[in-house]
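1. build me a model from this:
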Amino acid sequence: MKKIVLITFVIFSIFKVRSQDKILISETENIKIFETNLSLESNGNVWPTIYNEGLIFSSNKRNNKYFFTDFKLYPTRFKTSSKNTTGPFAIFNSEIYFTGLSKSKINLAVYKGKIDEFGIIEAEELPILKLDFSYADPAISKDGNRMIVVANEKGFPHILELIRNRKNEWEKGSVIYISNPQFEILSATIFDENTIYFSSNASSGKIEEVLYTLDNGKFAVSEFVIEKSSFNIYKTIRNNGIWQLPVKVSMFNSEFDDLGVVFKTPKSGYLNSFRYNNSDNIYYFELKH
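-> Predicted structure coming up:
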């Protein structure tokens with residue numbers, strides 16, 4: 001028993017030392033990027049979510065389960081209400097929103113639950129969202145009155161705004177951004193009232209392939225296949241009440257897939273990226289300006 005306790009203590013101590021040390025691995029005139037030690041936990045989509053003084057993240061190295069870390073002790077299991085849970089969480093006080101299979105088992109749905117220590121209880125689908133379409137990657141504002149989700153209503157991936165009404169119910173708001181149907185949108189996050197970040201594999205629109213179909217004995221164009229880019233971080237800003245076209249945020253992007261950014265403070269947070277070792281890692285960043 002003493003040996004087991006000693007080994008456990010050593011592992012915790014090593015993790016504590018390594019996780020608290022900020023190891024600078026990249027620096028430009030705009031940003032510093034640090035290792036978090038969570039890169040060892042996964043080579044899939046790790047989807048960081050800020051919670052209390054730490055992070056909730058998923059790890060396919062541990063059978064796609066979720067964990068919480070405060071960067072002081074070894075990660076603690078964060079229990080979800082379904083094995084089909086995927087993507088980042090959105091947390092406001094004791095409320096937690098997440099993506100899972102809908103009741104139809106065909107589309108994705110956004111669920112609302114409560115946090116019970118290190119787990120989710122009383123999870124139910126948001127009733128305002130339609131069963132015929134998919135909704136994913138919820139993100140909530142700091143005051144808890146606005147939420148955004150990635151939806152595919154009418155066949156077009158888009159970022160949809162939800163508004164909390166006086167009855168504490170969610171209502172559909174405006175569509176913030178609509179993408180070409182051949183591109184994806186991931187990990188939309190609310191920076192402030194007028195700024196949203198997200199990841200997409202959108203490109204300049206170069207046609208990669210033309211598909212044809214036979215119509216009355218003649219060939220007709222049925223679909224254009226547009227060239228896809230690697231995933232990049234984009235930002236869209238609302239100006240005079242109108243959401244502007246998204247632009248790439250160069251300081252967050254690399255030649256590899258960059259799948260999301262979340263902010264702990266206005267000038268620091270976490271980046272989800274495939275850079276450096278071609279696996280999905282969580283990095284800590286600090287902005288210089």
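2. CA atoms for contacts and neighbours, from now on please.
-> OK.
3. how many other residues sit next to residue 164?
-> 15 (other Cα atoms under 10 Å).
4. can you pull the contacts of it?
-> 144-146, 170-171 (Cα atoms under 8 Å, 6 or more residues apart in numbering).
5. over to residue 146?
-> Counting by Cα under 8 Å, 6+ apart, residue 146 touches 140, 161-164.
6. got a quick PyMOL command for the buried subset of those?
-> In PyMOL syntax, the buried subset of the contacts of residue 146 is picked out as below (16 or more other Cα atoms under 10 Å):
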select buried, resi 140+161+162+163
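7. so which of the contacts of residue 146 is the closest to residue 57?
-> Checking those against residue 57 by Cα to Cα gives residue 140 as the nearest, at 17.1 Å.
8. picking that back up, and the contacts of residue 146, which of them are in strands?
-> If you go by DSSP state E, these have 140, 161-164 in strands.
9. remind me which helix or strand the most centrally placed residue in the chain belongs to.
-> For the chain, the residue sitting closest to the mean C-alpha position, by Cα atoms, centre = their mean, is residue 187 at 2.9 Å. Element membership for residue 187, per DSSP states H and E: strand 185-192.
10. from the chain's centre, how far out is the helix or strand just after that strand? Work that out for me.
-> Using DSSP H and E, the helix or strand that follows strand 185-192 in sequence is strand 195-200. Per Cα atoms, centre = their mean, to the nearest Å, the displacement of strand 195-200 from the mean C-alpha position of its chain is 10 Å.
11. may I have strand 195-200 as CSV, with CA atoms only?
-> The C-alpha trace of strand 195-200 is given here as CSV (Å, rounded to 0.1, in the frame of the first residue of the first chain):
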residue,chain,number,x,y,z
THR,A,195,-17.0,39.7,-31.7
ILE,A,196,-17.2,36.0,-32.5
TYR,A,197,-14.4,33.6,-33.3
PHE,A,198,-14.8,30.3,-35.1
SER,A,199,-12.8,27.7,-37.1
SER,A,200,-13.6,26.8,-40.7
